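*Asks:* Fold the following for me, if possible:
(chains A, B, C and D)
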Protein chains: 2
Amino acid sequence: MRIGTRGRYALTIMFYLGSNYDSKRYISLKEISDNEGISFKYLEKIMVDLNKDNYLDVLRGNNGGYRLKKDPKEYSIGEILRRVEGDLSPVDCINSGCTREKKCKSYPFFEGLNKEINKFVDSKNLADYL
Amino acid sequence: MRIGTRGRYALTIMFYLGSNYDSKRYISLKEISDNEGISFKYLEKIMVDLNKDNYLDVLRGNNGGYRLKKDPKEYSIGEILRRVEGDLSPVDCINSGCTREKKCKSYPFFEGLNKEINKFVDSKNLADYL
DNA sequence: ATATTATACTACCTAATTGGTAGGAATACA
DNA sequence: TGTATTCCTACCAATTAGGTAGTATAATAT
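*Replies:* Have a look, this model is predicted:
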């Protein structure tokens, strides 16, 4: 689970929306792109995954954009990262059915590490860092 | 810090050496390669990093190979992984001087995650899983 | 209506990284 | 001196990361 630009930018977007939660206005990707210095087109692409299953409120057209549906404290960092980066496990063998699992001495270690990572990211939410 | 085959194979090697610590015999990469079904040539390459600074005892030639220098409990998993995978931080911005660090809301989160990961891997050693 | 400002969708592209392979030189020992 | 081993250097193919580009669709202001 190396976290790349997708995960980092997704958090940037979510913190930006979180900071504007009270105003209830829709924020365009253009605004975020300009203020954070991130490629607009790349943000659009990340948004495809980030906004699956109507994770956010969307409005197209003039003065449109995105805004949080729920209070920032309802958005866990773990879920945000998982949406755009996929599974967060530190090695492939976890969650992809390793056949050597039984005799593998590393496996229990990786399971422990995986648990620790997920526990941490799921225990934090947007409000914790606003 | 996605852990790839380098890190996994390094642990496989170290656990193998750890299992044979009491016998004091030198273990060849050929033996590990055969028993674990891993490419011999790839193991050789991983060994270059793993054995930097005389981390292990080495003997060339017939009946040669590698063996642990110290008790398995003296080898932390964190150090092993770091040797072959480099720095274990989950994002580039940690340890590479992010300029936006001051205003970045994600940064404190990543610092926390990084700390958690390193604490875990450094608290475990080979003997814990033998 | 229609111009403007957004998101939504699809396709493409380049550089770096991952996960190897190959071959020979140096060394230790039987 | 032959054999088994590590050491060193170079190469390589497939995948992933990190984008760019263009067009369709939708909402709103005028």
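
*Asks:* Check A:Ser39 and give its pLDDT.
*Replies:* According to the prediction, A:Ser39 has pLDDT 97.

*Asks:* Equivalent analysis for the one 3 residues further on, please.
*Replies:* A:Tyr42 is assigned 98 on the pLDDT scale.

*Asks:* The closest residue to it other than its chain neighbours: neighbour count?
*Replies:* Leaving aside its sequence neighbours, A:Tyr42 sits nearest to A:Tyr9 (C-beta to C-beta, 6 or more residues apart in numbering or on different chains; 7.1 Å). To be clear about C-beta, it is placed using only N, CA and C from the backbone, and glycine gets the same treatment. For A:Tyr9, the count of nearby residues is 23 (other C-beta atoms under 10 Å in any protein chain shown).

*Asks:* In which helix or strand does A:Tyr9 reside?
*Replies:* In this assignment (DSSP states H and E), A:Tyr9 forms part of helix A:5-19.

*Asks:* what about the residue nearest to A:Tyr42, distance to A:Asp92?
*Replies:* Plainly put, A:Tyr9 is 24 Å away from A:Asp92 if you go by C-beta to C-beta, to the nearest Å.

*Asks:* swap in A:Tyr26?
*Replies:* 39 Å.

*Asks:* More neighbours: the two, which one.
*Replies:* Neighbours were counted for A:Tyr26 and for A:Asp92 using other C-beta under 10 Å; A:Tyr26 has more, 19 against 15.

*Asks:* Is the residue nearest to that one when sequence neighbours are not counted bridged to anything, and to what?
*Replies:* Closest residue in space to A:Tyr26, ignoring its immediate chain neighbours: A:Gly65 at 3.8 Å, by C-beta to C-beta, 6+ apart. Following DSSP bridges, A:Gly65 is listed with bridge partners A:Leu59.

*Asks:* wait, A:Gly65 sits on A:Ile27?
*Replies:* Yes. A:Gly65 is within contact range of A:Ile27, at 4.5 Å (criterion: C-beta atoms under 8 Å).

*Asks:* where's A:Met47, which helix or strand?
*Replies:* Using DSSP H and E, A:Met47 maps to helix A:40-50.

*Asks:* Output the contacting helices and strands for that helix.
*Replies:* Helices and strands touching helix A:40-50, by 3 or more C-beta pairs under 8 Å, 6 or more residues apart in numbering or on different chains; DSSP states H and E, are helix A:5-19, helix A:29-36, helix A:77-85.

*Asks:* I'd like those as CSV, with distance to DNA strand D and mean pLDDT appended.
*Replies:* Shown next, in CSV, are the helices and strands packed on helix A:40-50 (distance: least, C-beta to the nearest atom of the strand, whole Å; pLDDT from 0 to 100):
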stretch, distance to DNA strand D, mean pLDDT
helix A:5-19, 4, 97
helix A:29-36, 9, 96
helix A:77-85, 8, 97
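
*Asks:* now those in a markdown table, with distance to B:Arg82?
*Replies:* Output for the helices and strands packed on helix A:40-50, formatted as a markdown table (distance: least, C-beta to C-beta, whole Å):
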| stretch | distance to B:Arg82 |
| --- | --- |
| helix A:5-19 | 22 |
| helix A:29-36 | 32 |
| helix A:77-85 | 22 |
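
*Asks:* can I get those helices in CSV with distance to DNA strand C?
*Replies:* Output for the helices and strands packed on helix A:40-50, formatted as CSV (distance: least, C-beta to the nearest atom of the strand, whole Å):
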stretch, distance to DNA strand C
helix A:5-19, 10
helix A:29-36, 4
helix A:77-85, 13
